[in-house]
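Engineer: model this:
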Amino acid sequence: MSPTTSDTSRSYHSSLPWRAVRLLSEAVDRRWGWYRLWTPLGLGVLVGLRDTLRRENLYDPSTEIGTLPQQPMPAPQPEDTTARSVDGAYNDLDQPRMGMAGARFGRNIPLDHARRPSRDEVLYPSPREISRALMTRVDDRMIEAPGVNALVAAWLQFMIRDWFSHGPSAKDNPWEITLEPGDPWPRPTVTVMRVMDDPTRPPDAPASPPTTINTCSHWWDASQIYGTTRDYQRAVRTGVDGKLRVQPDGSLPVPRGEGGPTQEPGFWLGLVMLQTVFTLEHNAVCDMLRGAYPSWDDEELFQRARLVIAALVAKIHTVEWTPSVISHPTTKVAMRANWFGLAGERVHRVFGRLSPSEVVSGIPGSEVNDYGVPYALTEEFTAVYRMHPLMPDFFDLRSVDDDRSMRDEPFSLRELSGDGAMNVASKTSMVDLLYSFGTQHPGVVTLHNFPRFLQEFVRPDNGELMDLAATDILRHRELGVPRYCEFRSLLHLPVPRTFDELTDDAAAAREMERIYGGDIGKVDLMVGLFAERRPEGFAFSDTAFRIFVLMASRRLNSDRFFTTDFTPEVYTPEGLRWLADNDMASVLLRHYPALRPAMRGVGNAFESWHRAGA
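Structural biologist: You can find the predicted model right below:
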C-alpha cells in the first residue's frame, strides 16, 4: 500500500506537534544543513527529517502493477516463531512472504517518478564516457579516507552480498554502449546485460514503474554466512553442536573451480577474511550456549547462535561501521541512538529500556513497525550503496610482528580476487591479513576515485569484460532511479542550479557541463553523489545519507527479531549478554589475540590501527 492510504497508527507521527517538528526540521535543514548545527539541535533535525521520510518516501510497487497470484504459504510451524528461516520467510507471521528471498524491491520515491526509461535515456550521455572522464583515478592515485581502515571496504561488500542481488541477467538484447574516439576498450562496444524482468509482474500490468526481484533475503539475517537455501546450509554446517565447518588450521573449506564461490563476481580476499571471522564467532557462540544448555541438540544450538550472530552483525554495522565512515559528531550519536537510544549504552545496560520510544531507548526491543508499507529493501537503497571508490586498487600485505611487507610491490585487487584470494589466504596468516587491512586506508566516495581494476573487470564465471562504473550508471537509469537533481528534490533537499553549485571541483564542474550539454538536470545520480560537498567526517555524500536515515532504522524496526522478539526467551539471557558485551574489536581479539598491540587504544575497530614498531 502507499503511504497515503496506509494505517498511520503504526507508522509515522501524525499529531500537530510532530507536524510542526517535521516542517521546522525541513526548513532548518534547507537553510543551514543539519551538519552545521550544534549536536543536540542537529539530532533533533534528523529525528524530524526521518519522520518526514517515513511519511513520504516508502512505496510498494505492487500498488501500481499488482502481483501474479501465488500459492498460499503453509501455516507457520512452532520453529518459525523462534528461529530465522532459511530464506527469510515468516519473519512477519501474518505476511510470511514479506521480505523473503524472491520478494520484489520497494521504492523510496513516488512511483510516478520511477518510470521505465527510453533507450536513449539509458544510453546517453554515454555511461562509458562518464566513467572515463569523471570516475577514473588520476595516475592510479587513490584519494584516501583518513582516520579509517580498509576493513571499511571489506565490511561493506560483506554486507551487500547479504542484502541485495538482482540475480542472473537477461540473456537477450543487451545494452550496447558506443565508444568515443580514442577509447582503448578492446571491443567495438561496451556490452551491459539487461536486468531480468520481474517474473511476478502480471502480463497486463503497466510498464512503469520498472520492478525487479531481490534474490537475497531482504532481512538483516546474516545470510552471507548461512545462505538462503537448505542445500547451502547443509554444506556449511557440521551437524554437531550447531557449528559451521572450519578446517583444522582455522580456515574455511571454500570449494574452488567451476561453479564454486571463487567464480562468483565480487569474490575477493576481504570476503574470505570476514566470512572466516564470523564463522569462528558463530562457533564460539555455540560453545557458550552448549555450556549453558547441555541438553540442546544441534539444530537448537545452530538456530540460537544464528540469531545472536545476525544481531551482532547488525549492531556492528549500526554503532561502529556507519559512524566510522560518517564520522560527524551528530551522526556518531545518532547511529548509536538507533541501537541504544539517546539514554545511551550505559543506561541501557544497567536499567534496560526506560521507554517504549525508540528515540529514548533504541529500536531493539521496541514494537515492530513497518510504517504502513510492507517491508522491503529498495532500488534507491541499492543505488546509493554503490560505493566502489572505497576499494583500494593495491594492498600492502605486511606482518603483524614487525610491519615487514610480504613482497617488494603491493598486491593488486586483481590478484586478491577470485581464485587469487584463496591463493593468498592459503599462504598468509589471517592475523597478518587483518593487520594489513587495519593499518591502511580505504578511498573516499568521490569523483576520480573509482578502482581501475573494476573499470576493466573480467567476470570469473563467463570471462565477460565489464566497466563497473559505466554499469552502475546504466543500472540506475534502467531501473528508473531518478537523476541527481530530481532525486534530491524527492528527498526534500534543495537542488543545485549550476554545476559550480554542485561541486567544489571547478575542473569537474566544467567536465560535467560538457558531458551533460549544460543541463544540470541530466546529471546522473551516482555522478552527483560523488561530486557534491560532503559534511565533515563523511566518506560519502549527505544525499546518500538521507536514504540511510530512513532505511537503516527501517531494517531494524520492521524485523520482529530486532523488536518484539528481541527477548531472553528467544535469544536466551546468555545470547543477549553476548550481544551487549561484544563489538568488532572483541570479536577480532577473541580469535586473533596477536592483533592486540595494533588495536591498543583504538575505540572503533574500523578506525586506523597502530603499525608495529611505530
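
Engineer: isn't Tyr435 up against Arg596?
Structural biologist: No: look at Tyr435 against Arg596 with C-beta atoms under 8 Å: they stay out of range, at 10.9 Å. Where C-beta positions appear, they are placed from N, C-alpha and C, glycine not excepted.

Engineer: more neighbours: which of the two?
Structural biologist: Comparing Tyr435 with Arg596 by other C-beta atoms under 10 Å, the one with more neighbours is Tyr435, at 27 against 12.

Engineer: so where does that one fall, helix or strand?
Structural biologist: Tyr435 is located in helix 430-438, with elements delineated by DSSP states H and E.

Engineer: gap between whichever helix or strand comes after that helix and the chain center?
Structural biologist: Moving toward the C-terminus from helix 430-438, the next helix or strand (DSSP H and E) is helix 452-455. Taking C-alpha atoms, centre = their mean, to the nearest Å, one finds helix 452-455 lying 21 Å from the centre of the chain it belongs to.

Engineer: what of stretch 275-289?
Structural biologist: From the chain centre to the centre of stretch 275-289 is a distance of 22 Å (C-alpha atoms, centre = their mean).

Engineer: isn't Leu301 right next to Asp241, touching?
Structural biologist: Yes: the pair Leu301 / Asp241 is scored as a contact, 5.8 Å apart, by C-beta under 8 Å.

Engineer: pick out whichever of those two has more residues nearby.
Structural biologist: Leu301 (21 against 16).

Engineer: stretch 360-370 spans what distance, first to last residue?
Structural biologist: Using C-alpha to C-alpha, to the nearest Å, one end of stretch 360-370 lies 19 Å from the other.

Engineer: ignore the last one, stretch 412-430
Structural biologist: End to end - C-alpha to C-alpha - stretch 412-430 spans 18 Å.

Engineer: tell me which element the residue nearest the centre of the chain falls in.
Structural biologist: Residue closest to the average C-alpha location in the chain (C-alpha atoms, centre = their mean): Ile160, at 4.5 Å. Element membership of Ile160 [criterion: DSSP H and E] is helix 151-163.

Engineer: what is the orientation angle of the helix holding Tyr435 with helix 151-163?
Structural biologist: 100 degrees (axes from the mean of the first three to the mean of the last three C-alpha atoms, to 10 degrees).

Engineer: ok, the closest residue in space to Ile225 that isn't next to it in sequence - contacts?
Structural biologist: Leaving aside its chain neighbours, Ile225 sits nearest to Phe278 (5.6 Å; criterion: C-beta to C-beta, 6 or more residues apart in numbering). Counting by C-beta atoms under 8 Å, 6 or more residues apart in numbering, Phe278 makes contact with 222, 225, 309, 313, 587.

Engineer: follow-up on the earlier one: now for Leu301 and Asp241: what residues contact both?
Structural biologist: 286, 290.

Engineer: on that earlier part again, the residue nearest to Ile225 and Val192: what is the separation?
Structural biologist: Separation of Phe278 from Val192 (C-beta to C-beta, to the nearest Å): 33 Å.

Engineer: show the backbone phi and psi for Glu574.
Structural biologist: Phi and psi for Glu574, reported as degrees, to the nearest 10, are phi -70, psi -40.

Engineer: wait, I meant Glu607
Structural biologist: phi -80, psi 160.

Engineer: which helix runs longest in this structure?
Structural biologist: helix 269-292 (DSSP state H).

Engineer: dump the contacts of Phe278 into JSON lines; add neighbour count and secondary structure as well.
Structural biologist: Converted to JSON lines, the contacts of Phe278 look like this (neighbours: other C-beta atoms under 10 Å; DSSP: H, G, I helix; E, B strand; the rest coil):
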{"residue": "Ala222", "neighbour count": "24", "secondary structure": "coil"}
{"residue": "Ile225", "neighbour count": "20", "secondary structure": "helix"}
{"residue": "Ile309", "neighbour count": "26", "secondary structure": "helix"}
{"residue": "Val313", "neighbour count": "25", "secondary structure": "helix"}
{"residue": "Val587", "neighbour count": "20", "secondary structure": "helix"}
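
Engineer: closest one to Leu37 out of those residues, please.
Structural biologist: Here the nearest of the contacts of Phe278 to Leu37, counting by C-beta to C-beta, is Val313; it sits at 31.6 Å.

Engineer: so Arg115 touches Pro206, yeah?
Structural biologist: No: the pair Arg115 / Pro206 is not scored as a contact, 9.9 Å apart, by C-beta under 8 Å.

Engineer: quick check, nearest of the contacts of Phe278 to Phe340?
Structural biologist: Of the contacts of Phe278, the one sitting nearest to Phe340 (C-beta to C-beta) turns out to be Val313, at 16.8 Å.

Engineer: any idea how far Tyr435 is from that closest one?
Structural biologist: 22 Å.

Engineer: what do you get for Asp140?
Structural biologist: From Asp140 to Tyr435 the distance is 24 Å (C-beta to C-beta).

Engineer: quick one: furthest residue from the center of the protein?
Structural biologist: Outermost in the chain, C-alpha atoms, centre = their mean: Ser295 at 37.7 Å.

Engineer: now Ala612. Nearest residue, chain neighbours left out?
Structural biologist: The nearest residue in space to Ala612 (C-beta to C-beta, 6+ apart) is Asp403, at 4.2 Å.

Engineer: what are the boundaries of the strands in the stretch 301-450 of the chain?
Structural biologist: Applying DSSP state E, counting those that start in this stretch to the stretch 301-450 of the chain gives strands spanning 394-395, 411-412.

Engineer: parallel or antiparallel, which strands does the last one pair with?
Structural biologist: Sheet pairing of strand 411-412 (DSSP bridges) gives strand 394-395 (antiparallel).

Engineer: report the inter-axis angle for the longest helix of the chain versus helix 151-163.
Structural biologist: Relative orientation of helix 269-292 versus helix 151-163 (the same axes, to 10 degrees): 70 degrees.

Engineer: tell me the buried residues in helix 269-292?
Structural biologist: Buried residues in helix 269-292, counted by 16 or more other C-beta atoms under 10 Å: 269-286, 288-290.

Engineer: understood, closing this out.
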